[in-house]
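Enquirer: Here is a sequence together with a model predicted from it:
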Amino acid sequence: MGTVGAKKIALVASFPPPYFGGMQSHAAEFFRHFYAKGLCKAFIVSKGGSLQEARKVQGFLNSGLVDELRQGSASDSSAIAGKIRENSLQSGIIFFNSPHWMRCFESLKSEFPSIRVFLRSGGNDLLQAGFIQDGASLKSRQEEVARTINRHVDALIVNSQYSKARFEKMGIAPEKMKVIMGGVDCTRFRPGTGLEKSAARKMMGVPQEDILILSAVRFVPFKSVGTTIKAVETANDMLGGKISFVLAGNGPLEAKIRAKAEKTGLDGKLVLANTIPFQRMQVAYWTADIYLQSPIEHSEQVRGGAYVHTETMGRSFCEAAASGIPSVSTAVGGVPEIIDDGRTGFLADQMDVAGLGAKIVAAAEGLKNGAAGMLARAKAELQFSWDKVFWEYERLFFRGG
(Lines give C-alpha, C1' and ligand atoms only; values in the text may rest on other atoms or scores of the structure.)
Protein backbone atom coordinates (compact mmCIF):
# COMPACT_ATOMS: atom_id res chain seq x y z
CA MET A 1 0.00 0.00 0.00
CA GLY A 2 1.42 3.37 -0.97
CA THR A 3 2.00 5.77 1.92
CA VAL A 4 4.05 8.47 0.20
CA GLY A 5 3.02 11.80 1.70
CA ALA A 6 0.91 10.06 4.33
CA LYS A 7 0.26 11.80 7.61
CA LYS A 8 2.71 10.98 10.39
CA ILE A 9 1.65 9.10 13.52
CA ALA A 10 2.10 9.42 17.27
CA LEU A 11 1.43 6.25 19.27
CA VAL A 12 0.21 6.80 22.83
CA ALA A 13 0.20 3.75 25.14
CA SER A 14 -0.79 3.55 28.79
CA PHE A 15 1.09 0.30 29.44
CA PRO A 16 4.69 0.82 30.47
CA PRO A 17 7.31 -1.72 29.36
CA PRO A 18 8.33 -4.53 29.45
CA TYR A 19 6.04 -5.52 26.60
CA PHE A 20 4.31 -8.85 27.05
CA GLY A 21 0.60 -9.65 27.00
CA GLY A 22 -2.08 -8.45 24.63
CA MET A 23 -2.20 -4.67 24.83
CA GLN A 24 1.51 -4.32 25.55
CA SER A 25 2.51 -6.50 22.58
CA HIS A 26 0.15 -4.56 20.34
CA ALA A 27 1.78 -1.24 21.24
CA ALA A 28 5.31 -2.50 20.68
CA GLU A 29 4.49 -4.17 17.35
CA PHE A 30 2.55 -1.11 16.15
CA PHE A 31 5.61 1.04 16.79
CA ARG A 32 7.98 -1.41 15.11
CA HIS A 33 5.80 -1.60 11.98
CA PHE A 34 5.14 2.10 11.48
CA TYR A 35 8.63 3.19 12.57
CA ALA A 36 10.13 0.90 9.91
CA LYS A 37 7.94 2.65 7.33
CA GLY A 38 9.07 6.09 8.52
CA LEU A 39 5.53 6.98 9.59
CA CYS A 40 5.71 6.92 13.40
CA LYS A 41 7.22 10.13 14.78
CA ALA A 42 6.66 9.46 18.48
CA PHE A 43 5.90 6.58 20.87
CA ILE A 44 4.59 8.07 24.09
CA VAL A 45 4.10 5.84 27.15
CA SER A 46 3.11 6.38 30.76
CA LYS A 47 6.05 6.81 33.08
CA GLY A 48 6.56 3.64 35.07
CA GLY A 49 7.75 0.11 34.53
CA SER A 50 11.21 -0.44 33.14
CA LEU A 51 11.81 0.97 29.70
CA GLN A 52 15.47 0.03 30.10
CA GLU A 53 14.60 -3.65 30.65
CA ALA A 54 12.18 -3.65 27.70
CA ARG A 55 14.88 -2.29 25.43
CA LYS A 56 17.12 -5.25 26.29
CA VAL A 57 14.44 -7.64 25.01
CA GLN A 58 13.10 -5.60 22.10
CA GLY A 59 15.95 -3.56 20.71
CA PHE A 60 13.76 -1.48 18.41
CA LEU A 61 12.51 0.34 21.54
CA ASN A 62 15.96 1.99 21.77
CA SER A 63 14.76 4.51 19.20
CA GLY A 64 14.93 8.09 20.38
CA LEU A 65 11.27 8.41 19.39
CA VAL A 66 10.22 6.46 22.52
CA ASP A 67 9.36 8.94 25.25
CA GLU A 68 7.71 8.80 28.67
CA LEU A 69 4.99 11.11 29.94
CA ARG A 70 4.97 12.10 33.57
CA GLN A 71 2.63 10.25 35.88
CA GLY A 72 -0.83 11.76 36.26
CA SER A 73 -1.00 12.96 32.66
CA ALA A 74 -4.13 10.94 31.84
CA SER A 75 -6.46 13.77 32.83
CA ASP A 76 -4.23 16.61 31.58
CA SER A 77 -4.09 17.07 27.83
CA SER A 78 -1.19 19.55 28.02
CA ALA A 79 1.44 16.79 28.17
CA ILE A 80 0.25 15.12 24.97
CA ALA A 81 -0.40 18.50 23.36
CA GLY A 82 3.23 19.40 24.01
CA LYS A 83 4.37 16.23 22.24
CA ILE A 84 2.08 16.99 19.30
CA ARG A 85 3.65 20.43 18.87
CA GLU A 86 7.18 19.13 19.49
CA ASN A 87 6.80 16.56 16.71
CA SER A 88 4.87 18.84 14.31
CA LEU A 89 1.82 16.58 14.39
CA GLN A 90 -0.82 19.33 14.45
CA SER A 91 -2.46 17.68 11.45
CA GLY A 92 -1.21 14.15 12.07
CA ILE A 93 -2.65 10.90 13.38
CA ILE A 94 -2.76 10.29 17.14
CA PHE A 95 -3.29 6.60 17.85
CA PHE A 96 -4.24 5.69 21.42
CA ASN A 97 -3.55 2.04 22.21
CA SER A 98 -5.96 2.15 25.16
CA PRO A 99 -8.68 4.49 26.50
CA HIS A 100 -6.47 5.61 29.41
CA TRP A 101 -6.32 9.20 28.08
CA MET A 102 -9.94 9.48 26.99
CA ARG A 103 -10.51 12.53 29.18
CA CYS A 104 -8.01 14.40 26.99
CA PHE A 105 -9.76 13.79 23.66
CA GLU A 106 -12.11 16.76 23.70
CA SER A 107 -9.33 19.22 24.60
CA LEU A 108 -6.96 17.80 22.00
CA LYS A 109 -9.57 17.98 19.26
CA SER A 110 -10.38 21.55 20.26
CA GLU A 111 -6.75 22.65 20.27
CA PHE A 112 -5.78 20.73 17.12
CA PRO A 113 -8.87 20.54 14.88
CA SER A 114 -6.92 18.87 12.07
CA ILE A 115 -5.60 15.89 14.02
CA ARG A 116 -7.23 12.52 13.53
CA VAL A 117 -7.77 10.52 16.72
CA PHE A 118 -7.87 6.71 16.57
CA LEU A 119 -8.51 4.54 19.60
CA ARG A 120 -8.11 0.80 20.14
CA SER A 121 -10.00 -1.16 22.78
CA GLY A 122 -9.10 -4.54 24.22
CA GLY A 123 -12.79 -5.31 24.70
CA ASN A 124 -13.31 -5.09 28.46
CA ASP A 125 -11.66 -1.73 29.16
CA LEU A 126 -14.47 0.44 27.78
CA LEU A 127 -17.12 -1.57 29.62
CA GLN A 128 -15.61 -0.99 33.05
CA ALA A 129 -14.99 2.70 32.22
CA GLY A 130 -12.63 3.08 35.18
CA PHE A 131 -10.79 5.96 33.53
CA ILE A 132 -13.93 8.17 33.63
CA GLN A 133 -13.91 9.84 37.03
CA ASP A 134 -17.28 11.58 36.97
CA GLY A 135 -20.52 9.69 37.51
CA ALA A 136 -21.35 7.53 40.48
CA SER A 137 -22.82 4.69 38.45
CA LEU A 138 -21.18 2.41 35.92
CA LYS A 139 -24.01 3.14 33.47
CA SER A 140 -23.35 6.89 33.59
CA ARG A 141 -19.63 6.35 33.00
CA GLN A 142 -20.35 4.06 30.05
CA GLU A 143 -22.65 6.72 28.61
CA GLU A 144 -19.84 9.26 28.92
CA VAL A 145 -17.48 6.86 27.13
CA ALA A 146 -19.95 6.50 24.26
CA ARG A 147 -20.47 10.28 23.98
CA THR A 148 -16.73 10.95 23.93
CA ILE A 149 -16.05 8.37 21.23
CA ASN A 150 -18.99 9.43 19.08
CA ARG A 151 -17.94 13.10 19.22
CA HIS A 152 -14.15 13.12 19.34
CA VAL A 153 -12.78 9.84 17.91
CA ASP A 154 -12.39 9.34 14.17
CA ALA A 155 -12.48 5.54 14.49
CA LEU A 156 -12.57 2.98 17.28
CA ILE A 157 -10.66 -0.23 16.48
CA VAL A 158 -12.16 -3.28 18.21
CA ASN A 159 -10.80 -6.81 18.42
CA SER A 160 -13.90 -8.87 17.55
CA GLN A 161 -17.47 -8.71 16.31
CA TYR A 162 -18.42 -9.69 19.86
CA SER A 163 -16.81 -6.52 21.26
CA LYS A 164 -18.43 -4.41 18.57
CA ALA A 165 -21.90 -5.71 19.47
CA ARG A 166 -21.32 -4.97 23.16
CA PHE A 167 -20.18 -1.43 22.41
CA GLU A 168 -23.21 -0.78 20.23
CA LYS A 169 -25.38 -1.62 23.24
CA MET A 170 -23.39 0.99 25.20
CA GLY A 171 -24.38 3.60 22.62
CA ILE A 172 -21.24 3.77 20.48
CA ALA A 173 -22.20 4.43 16.87
CA PRO A 174 -21.54 1.33 14.71
CA GLU A 175 -20.10 3.44 11.90
CA LYS A 176 -17.37 4.60 14.30
CA MET A 177 -16.07 1.04 14.77
CA LYS A 178 -13.69 -1.09 12.73
CA VAL A 179 -13.13 -4.76 13.64
CA ILE A 180 -9.49 -5.85 13.29
CA MET A 181 -8.70 -9.20 14.93
CA GLY A 182 -5.43 -10.85 15.73
CA GLY A 183 -1.85 -9.80 16.15
CA VAL A 184 0.90 -12.42 16.16
CA ASP A 185 4.44 -12.62 14.81
CA CYS A 186 4.11 -15.60 12.47
CA THR A 187 7.88 -15.70 12.00
CA ARG A 188 8.67 -16.12 15.69
CA PHE A 189 5.58 -18.17 16.51
CA ARG A 190 5.85 -21.06 14.06
CA PRO A 191 5.58 -24.85 14.18
CA GLY A 192 8.62 -26.35 15.87
CA THR A 193 10.76 -28.98 14.19
CA GLY A 194 10.95 -32.46 15.67
CA LEU A 195 14.31 -31.64 17.25
CA GLU A 196 13.03 -28.34 18.66
CA LYS A 197 9.98 -29.99 20.21
CA SER A 198 12.08 -32.79 21.68
CA ALA A 199 14.59 -30.37 23.20
CA ALA A 200 11.82 -28.13 24.58
CA ARG A 201 10.14 -31.10 26.29
CA LYS A 202 13.41 -32.28 27.73
CA MET A 203 14.04 -28.82 29.17
CA MET A 204 10.52 -28.78 30.65
CA GLY A 205 10.95 -32.28 32.09
CA VAL A 206 7.96 -33.71 30.22
CA PRO A 207 7.85 -37.29 28.81
CA GLN A 208 8.40 -37.28 25.05
CA GLU A 209 5.59 -39.78 24.39
CA ASP A 210 2.85 -37.98 26.33
CA ILE A 211 0.12 -35.78 24.84
CA LEU A 212 1.16 -32.42 26.23
CA ILE A 213 -1.43 -29.75 26.98
CA LEU A 214 -0.30 -26.17 27.57
CA SER A 215 -2.26 -23.42 29.29
CA ALA A 216 -0.60 -20.01 29.83
CA VAL A 217 -3.01 -17.65 31.59
CA ARG A 218 -3.51 -15.00 34.21
CA PHE A 219 -4.94 -16.51 37.40
CA VAL A 220 -8.04 -14.32 37.49
CA PRO A 221 -11.74 -15.25 37.86
CA PHE A 222 -12.83 -15.02 34.21
CA LYS A 223 -10.11 -17.46 33.10
CA SER A 224 -11.73 -20.19 35.27
CA VAL A 225 -8.45 -22.06 35.70
CA GLY A 226 -10.04 -24.51 38.13
CA THR A 227 -12.30 -25.71 35.31
CA THR A 228 -9.25 -26.12 33.08
CA ILE A 229 -7.54 -28.36 35.63
CA LYS A 230 -10.64 -30.52 36.12
CA ALA A 231 -11.10 -30.88 32.35
CA VAL A 232 -7.52 -32.12 31.96
CA GLU A 233 -8.11 -34.66 34.72
CA THR A 234 -11.24 -35.87 32.93
CA ALA A 235 -9.46 -36.19 29.57
CA ASN A 236 -6.49 -37.91 31.19
CA ASP A 237 -8.78 -40.59 32.61
CA MET A 238 -10.41 -41.05 29.19
CA LEU A 239 -7.00 -41.39 27.50
CA GLY A 240 -5.56 -43.84 30.00
CA GLY A 241 -3.12 -41.48 31.73
CA LYS A 242 -1.30 -40.36 28.58
CA ILE A 243 -1.53 -36.60 29.25
CA SER A 244 1.05 -34.21 30.67
CA PHE A 245 -0.15 -30.72 31.55
CA VAL A 246 1.91 -27.52 31.74
CA LEU A 247 0.02 -24.73 33.52
CA ALA A 248 1.91 -21.42 33.43
CA GLY A 249 0.89 -18.11 34.94
CA ASN A 250 0.33 -16.06 38.04
CA GLY A 251 -2.18 -13.58 39.39
CA PRO A 252 -4.43 -12.83 42.36
CA LEU A 253 -5.86 -16.36 42.49
CA GLU A 254 -2.45 -18.05 42.48
CA ALA A 255 -2.70 -19.51 45.99
CA LYS A 256 -6.08 -21.10 45.21
CA ILE A 257 -4.86 -22.47 41.88
CA ARG A 258 -1.76 -23.99 43.46
CA ALA A 259 -3.93 -25.62 46.14
CA LYS A 260 -6.16 -27.14 43.43
CA ALA A 261 -3.14 -28.32 41.47
CA GLU A 262 -1.78 -30.17 44.49
CA LYS A 263 -5.01 -32.17 44.79
CA THR A 264 -5.30 -33.32 41.19
CA GLY A 265 -5.31 -36.94 40.11
CA LEU A 266 -2.68 -36.28 37.45
CA ASP A 267 -0.04 -38.23 39.42
CA GLY A 268 2.94 -35.98 38.79
CA LYS A 269 1.91 -35.17 35.22
CA LEU A 270 1.12 -31.51 36.03
CA VAL A 271 3.94 -28.97 35.71
CA LEU A 272 2.97 -25.73 37.46
CA ALA A 273 5.23 -23.02 36.07
CA ASN A 274 5.51 -19.29 36.66
CA THR A 275 4.73 -16.79 33.92
CA ILE A 276 6.80 -17.68 30.85
CA PRO A 277 9.12 -14.83 29.80
CA PHE A 278 8.11 -13.04 26.60
CA GLN A 279 11.25 -14.05 24.74
CA ARG A 280 10.73 -17.77 25.51
CA MET A 281 7.01 -18.10 24.85
CA GLN A 282 7.45 -19.62 21.39
CA VAL A 283 9.54 -22.43 22.93
CA ALA A 284 6.67 -23.24 25.31
CA TYR A 285 4.35 -23.74 22.34
CA TRP A 286 6.90 -26.13 20.80
CA THR A 287 6.47 -28.43 23.81
CA ALA A 288 2.71 -28.64 23.33
CA ASP A 289 0.34 -30.74 21.28
CA ILE A 290 -2.81 -28.88 22.38
CA TYR A 291 -3.41 -25.39 23.78
CA LEU A 292 -6.18 -25.10 26.40
CA GLN A 293 -8.15 -22.38 28.18
CA SER A 294 -11.65 -22.33 29.65
CA PRO A 295 -12.75 -18.68 30.04
CA ILE A 296 -16.22 -17.82 31.30
CA GLU A 297 -18.56 -14.85 31.34
CA HIS A 298 -17.75 -13.46 34.77
CA SER A 299 -19.78 -10.73 36.48
CA GLU A 300 -17.13 -8.24 37.57
CA GLN A 301 -18.04 -5.80 40.33
CA VAL A 302 -16.67 -2.30 39.79
CA ARG A 303 -17.42 1.15 41.14
CA GLY A 304 -21.14 1.78 40.74
CA GLY A 305 -22.18 -1.47 39.11
CA ALA A 306 -21.11 -4.69 37.40
CA TYR A 307 -20.28 -5.78 33.86
CA VAL A 308 -19.54 -9.10 32.17
CA HIS A 309 -15.80 -9.65 31.86
CA THR A 310 -14.79 -12.35 29.38
CA GLU A 311 -12.33 -13.31 26.65
CA THR A 312 -13.01 -10.84 23.86
CA MET A 313 -10.39 -12.28 21.49
CA GLY A 314 -7.55 -14.26 23.09
CA ARG A 315 -4.08 -13.47 21.76
CA SER A 316 -2.67 -16.73 23.14
CA PHE A 317 -5.05 -18.61 20.81
CA CYS A 318 -3.54 -16.64 17.92
CA GLU A 319 -0.03 -17.56 19.08
CA ALA A 320 -1.00 -21.23 19.40
CA ALA A 321 -2.50 -21.20 15.92
CA ALA A 322 0.65 -19.65 14.46
CA SER A 323 2.63 -22.40 16.21
CA GLY A 324 0.54 -25.04 14.43
CA ILE A 325 -1.25 -26.19 17.58
CA PRO A 326 -5.02 -26.80 17.83
CA SER A 327 -6.76 -25.04 20.70
CA VAL A 328 -9.52 -26.23 23.00
CA SER A 329 -11.62 -23.61 24.75
CA THR A 330 -15.05 -22.57 25.86
CA ALA A 331 -17.30 -20.83 23.34
CA VAL A 332 -17.53 -17.46 25.08
CA GLY A 333 -16.95 -13.88 23.95
CA GLY A 334 -14.85 -13.52 20.84
CA VAL A 335 -13.23 -16.97 21.09
CA PRO A 336 -15.45 -18.58 18.38
CA GLU A 337 -14.14 -15.95 15.95
CA ILE A 338 -10.58 -17.17 16.57
CA ILE A 339 -11.14 -20.94 16.84
CA ASP A 340 -13.10 -22.68 14.08
CA ASP A 341 -14.84 -25.48 15.98
CA GLY A 342 -13.91 -28.87 14.52
CA ARG A 343 -11.33 -27.39 12.14
CA THR A 344 -8.62 -25.35 13.91
CA GLY A 345 -9.66 -26.47 17.38
CA PHE A 346 -12.62 -27.44 19.53
CA LEU A 347 -15.16 -25.49 21.60
CA ALA A 348 -17.30 -26.49 24.57
CA ASP A 349 -19.85 -24.72 26.75
CA GLN A 350 -18.50 -22.71 29.67
CA MET A 351 -18.11 -24.57 32.99
CA ASP A 352 -18.81 -27.87 31.21
CA VAL A 353 -15.96 -30.02 32.55
CA ALA A 354 -17.16 -33.22 30.86
CA GLY A 355 -17.66 -31.40 27.55
CA LEU A 356 -14.19 -29.84 27.69
CA GLY A 357 -12.68 -33.21 28.55
CA ALA A 358 -14.36 -34.76 25.51
CA LYS A 359 -13.10 -31.93 23.28
CA ILE A 360 -9.55 -32.49 24.56
CA VAL A 361 -9.89 -36.15 23.62
CA ALA A 362 -11.18 -35.17 20.17
CA ALA A 363 -8.20 -32.84 19.72
CA ALA A 364 -5.83 -35.60 20.84
CA GLU A 365 -7.31 -38.04 18.34
CA GLY A 366 -6.93 -35.45 15.60
CA LEU A 367 -3.20 -35.21 16.27
CA LYS A 368 -2.74 -38.39 14.23
CA ASN A 369 -3.23 -36.56 10.93
CA GLY A 370 -2.27 -33.06 12.13
CA ALA A 371 -5.01 -31.40 10.05
CA ALA A 372 -6.22 -29.05 12.82
CA GLY A 373 -2.72 -27.74 13.47
CA MET A 374 -2.10 -27.11 9.77
CA LEU A 375 -5.45 -25.34 9.37
CA ALA A 376 -4.74 -23.26 12.48
CA ARG A 377 -1.37 -22.18 11.08
CA ALA A 378 -2.94 -21.25 7.75
CA LYS A 379 -5.60 -19.17 9.49
CA ALA A 380 -2.97 -17.39 11.58
CA GLU A 381 -0.97 -16.44 8.49
CA LEU A 382 -4.08 -15.28 6.62
CA GLN A 383 -5.96 -13.46 9.39
CA PHE A 384 -3.89 -12.92 12.55
CA SER A 385 -0.37 -11.91 11.46
CA TRP A 386 0.90 -8.44 12.33
CA ASP A 387 1.38 -7.77 8.62
CA LYS A 388 -2.34 -8.41 8.03
CA VAL A 389 -3.36 -6.39 11.10
CA PHE A 390 -1.32 -3.34 10.19
CA TRP A 391 -2.28 -3.52 6.53
CA GLU A 392 -5.83 -3.01 7.82
CA TYR A 393 -4.61 -0.10 9.96
CA GLU A 394 -2.92 1.54 6.98
CA ARG A 395 -6.11 1.24 4.96
CA LEU A 396 -8.06 2.84 7.80
CA PHE A 397 -5.52 5.61 8.47
CA PHE A 398 -4.68 6.58 4.92
CA ARG A 399 -7.63 5.51 2.77
CA GLY A 400 -10.48 5.96 5.20
CA GLY A 401 -11.57 2.31 5.29
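Expert: Received it, and whenever you're ready, just let me know what you need. Values in this document were obtained by computation on a predicted structure and should not be read as measured data. Numbers count the residues shown, from 1 in each chain.
Enquirer: And G304, how far from K260?
Expert: G304 sits 33 Å away from K260, going by C-beta to C-beta, to the nearest Å. Where C-beta positions appear, they are placed from N, C-alpha and C, glycine not excepted.
Enquirer: between those two, who's got more neighbours?
Expert: Ranked by neighbour count (other C-beta atoms under 10 Å), G304 and K260 place K260 first, with 17 against 14.
Enquirer: Identify the residues contacting that one.
Expert: Neighbour list for K260: 225-226, 229 [criterion: C-beta atoms under 8 Å, 6 or more residues apart in numbering].
Enquirer: Quick check: buried residues in the strand or helix carrying it?
Expert: K260 belongs to helix 254-262 when assigned by DSSP states H and E. Along helix 254-262, these residues count as buried under the neighbour rule (16 or more other C-beta atoms under 10 Å): 254, 257, 260-261.
Enquirer: cool, and stretch 293-313?
Expert: For stretch 293-313, burial by neighbour count (16+ other C-beta under 10 Å) applies to 293-298, 300, 305, 307, 309-313.
Enquirer: quick one: least confident helix or strand in the protein?
Expert: Across the helices and strands of the chain, mean pLDDT, DSSP states H and E gives its lowest value to helix 51-57, namely a mean of 72.
Enquirer: Verify the stated contact: L375 with D341.
Expert: No. The pair formed by L375 and D341 falls short of the contact definition of C-beta atoms under 8 Å, at 11.8 Å.
Enquirer: Looking at the two, which has the bigger crowd around it?
Expert: Set L375 next to D341 and count neighbours by other C-beta under 10 Å: L375 wins out with 17 against 14.
Enquirer: any low-confidence regions in the stretch 51-200 of the chain?
Expert: Residue ranges of the stretch 51-200 of the chain with pLDDT under 70: 70-74.
Enquirer: any idea where the strands of it begin and end?
Expert: With DSSP state E, counting those that start in this stretch, the ranges of strands along the stretch 51-200 of the chain come out as 66-69, 93-96, 116-120, 155-158, 177-179.
Enquirer: Could you identify which of these is most buried?
Expert: Among the strands of the stretch 51-200 of the chain, the stretch with the highest mean neighbour count (mean count of other C-beta atoms under 10 Å) is strand 93-96, at a mean of 25.
Enquirer: so where's the stretch 301-401 of the chain shaky on pLDDT?
Expert: Residues of the stretch 301-401 of the chain that meet the cut-off, pLDDT under 70, sit at 400-401.
Enquirer: Strands along that one, start to end?
Expert: Under the criterion DSSP E, counting those that start in this stretch, the stretch 301-401 of the chain contains strands at 305-309, 327-330, 345-348.
Enquirer: Enumerate every residue touching L396.
Expert: Residues in contact with L396 (C-beta under 8 Å, 6+ apart) are 118, 155, 157, 178, 180.
Enquirer: Could you check how far it is from P221?
Expert: Per C-beta to C-beta, L396 is found 34 Å from P221.
Enquirer: now swap in T310 and tell me
Expert: Note on T310: its distance to P221, by C-beta to C-beta, is 10 Å.
Enquirer: any common contacting residues for the two?
Expert: Residues touching both T310 and P221 comprise 296, 298, with contact defined as C-beta under 8 Å, 6+ apart.
Enquirer: Quick check: end-to-end length of stretch 260-269?
Expert: Start and end residues of stretch 260-269 are separated by 14 Å (C-alpha to C-alpha, to the nearest Å).
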